[in-house]
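Asks: How does the following fold in three dimensions:
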Amino acid sequence: MMDAVQFIPHEKTMVFVSHLIEVKDKFAIAELHITPDLMFCESEGLPTWSSIELMAQTISVYAGYKGQTQGLPPKIGFLLGTRKMQLPCAYFSLGTTVQIRVEQSYLHEGLGQFHCEIEYQEHKFSAMLSVFEPENMNEIIGKLV
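Replies: Predicted coordinates:
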């Protein structure tokens with residue numbers, strides 16, 4: 001189990017993945033401990049609409065880990081969209097842990113699609129996320145400005 005924050009380009013208040021549990025060639029498994037200090041947390045717990053961010057950050061951890069094995073720092077990526085999002089309950093309760101699994105379905109020239117699942121108690125949340133990690137972020141930002 002590794003601290004996930006070392007693999008993503010996020011500041012601590014915006015981190016939604018606690019640990020990287022397992023990573024292989026095409027998938028990664030991470031977890032998040034639900035604590036009151038998480039951004040968006042309410043008295044009932046963390047709203048499950050945040051699942052898309054948990055999934056996206058797990059993809060980022062996966063990409064950051066793979067990049068680190070090649071001596072590269074974590075890169076900024078973009079969440080392009082989601083399909084088939086399933087949210088079977090409204091909150092992740094305080095004091096619980098969720099496990100997030102992402103599996104690469106497609107990756108070409110920085111454009112990727114991942115099948116994502118979150119296991120929480122007896123529930124399984126799922127979605128397909130489309131992401132983009134540009135090769136040269138400075139070039140992209142320069143075109144936008």
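
Asks: Please report the number of neighbouring residues for the closest residue to residue 110 other than its chain neighbours.
Replies: Excluding the flanking residues, the one nearest residue 110 by Cβ to Cβ, 6 or more residues apart in numbering is residue 133, at 4.7 Å. (C-beta placed from N, C-alpha, C; glycine too.) By other Cβ atoms under 10 Å, 18 other residues sit near residue 133.

Asks: do the same with residue 43
Replies: Count around residue 43 with other Cβ under 10 Å applied: 7.

Asks: And for residue 89?
Replies: Count around residue 89 with other Cβ under 10 Å applied: 13.

Asks: Likewise for residue 77?
Replies: Neighbours of residue 77 under the rule other Cβ under 10 Å: 21.

Asks: likewise residue 6?
Replies: Residue 6: 12 surrounding residues under other Cβ under 10 Å.

Asks: Am I right that it is in a helix?
Replies: Yes: under DSSP: H, G, I helix; E, B strand; the rest coil, residue 6 sits within a helix.

Asks: most centrally placed residue in the protein?
Replies: residue 57 (2.1 Å; Cα atoms, centre = their mean).

Asks: list the helices and strands the helix or strand where it lies packs on?
Replies: Using DSSP states H and E, the element containing residue 57 is helix 51-68. Under the contact definition 3 or more Cβ pairs under 8 Å, 6 or more residues apart in numbering; DSSP states H and E, helix 51-68 sits against strand 19-23, strand 27-33, strand 78-86, strand 97-108, strand 111-120, strand 123-132.
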